[in-house]
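Visitor: how does the following fold in three dimensions:
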Amino acid sequence: MLLGAQLYTVREYTKNLDDFADTLKRVADIGYTAVQVSGTCAYDATWLKEQLDKTGLKCAITHTSPDRIAARTDAVIAEHKTFGCRYIGIGSMPGGLKGGMADYDAFVEKFRPVSRHISGQGLYLMYHNHNMEFAKHARGRVYLACLAEDFAPGELGFTVDTYWVQAGGGDPAWWIRQLCGRVPCVHLKDMAYENGNIRMAPVGEGNMNFDGILAACEEAGVEYLLVEQDHCYGENPFDCLKRSYQNLSARGLK
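Guide: The predicted structure is shown next:
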């Protein structure tokens, strides 16, 4: 398993191409070998490939606009092939499931043919969970379970976000095992309790069971462990990424 940084963590440092290029170098200097491209400024696929080649980083996965994935599928596929990324990521359910089953059914109807086309081109559409997918709907099951059933394993993969699984009342290790074979990417972030509030924290500084989570990742064939911290609460996000890296590398991960 390769350790990567989810660039959404340092999104304030990727607002133009010069800063984006510098951020990739800083992430590589920490020791990360992969990145998820998400929350950045617009970029040309060839430019990104050049920056990845310069830094030695691998683009594990992106988060790409769902509307763009659906409307310009072939262009998105071509771009990902240009910078050597197999996994096309959807960051969240369009509409946020505020419309319940109507939102869910619309997503399945829209993206099932898209996912099949992408897989036919040798790439893989990926879905990233938050906590909302752990609400139970009219079928009496959580949305994440239904997504796994309503899309074939070869057509939709999952980026399991360990923090948001736990925030939704789920067991991250159980879900990683449950999705074995279709969870090549996992988001690692920690959950801490401070001053009466639940907060995100660098990996290893909170209360998540990373012994169990990492064991499940090994069993499920996870390829990329992507460190993400949506909120750093005034700390420098590069420092947070570095502490997460140090804590994970102490476990023998690189």
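Visitor: biggest helix in this structure by residues?
Guide: Of all segments of type helix in the chain, defined using DSSP state H, the longest is helix 101-120.
Visitor: quick one: contacts of stretch 115-127?
Guide: If you take Cβ atoms under 8 Å, 6 or more residues apart in numbering as the criterion, stretch 115-127 is touched by 61, 69, 73, 77, 80-81, 86-90, 111, 114, 147, 151, 154-159, 184-185. Placement of C-beta: from N, CA and C, glycine included.
Visitor: that older thread, and the next helix or strand past the longest helix of the chain?
Guide: The C-terminal neighbour of helix 101-120 among helices and strands, as given by DSSP states H and E, is strand 124-128.
Visitor: so that following strand versus helix 101-120, what angle?
Guide: Relative orientation of strand 124-128 versus helix 101-120 (axes from the mean of the first three to the mean of the last three Cα atoms, to 10 degrees): 150 degrees.
Visitor: wait, Y43 touches A21, no?
Guide: No. Y43 lies out of contact with A21 (Cβ atoms under 8 Å); the separation is 9.6 Å.
Visitor: please, where are all the strands along the stretch 101-250 of the chain?
Guide: Counting by DSSP state E, counting those that start in this stretch, one finds strands in the stretch 101-250 of the chain at the ranges 124-128, 156-161, 185-188, 190-194, 197-201, 224-227.
Visitor: for N207, find the nearest of these.
Guide: N207 lies closest to strand 190-194 among the strands of the stretch 101-250 of the chain, at 6.0 Å (Cβ to Cβ).
Visitor: which positions within that closest one qualify as buried?
Guide: For strand 190-194, a neighbour-count test (16 or more other Cβ atoms under 10 Å) marks D190, M191 as buried.
Visitor: going forward, begin numbering at 617 instead of 1
Guide: I'll keep to 617 as the first residue from here, and by that count the last item is strand 806-810.
Visitor: what's that strand packed up against?
Guide: helix 778-783, strand 813-817 (3 or more Cβ pairs under 8 Å, 6 or more residues apart in numbering; DSSP states H and E).
Visitor: so what touches it?
Guide: By Cβ under 8 Å, 6+ apart, the list of residues contacting strand 806-810 reads 779, 782-783, 814-824, 826, 860.
Visitor: what's the burial count for the closest residue to R684 other than its chain neighbours?
Guide: Excluding the flanking residues, the one nearest R684 by Cβ to Cβ, 6 or more residues apart in numbering is V692, at 6.3 Å. Number of residues near V692 (other Cβ atoms under 10 Å) recorded here: 22.
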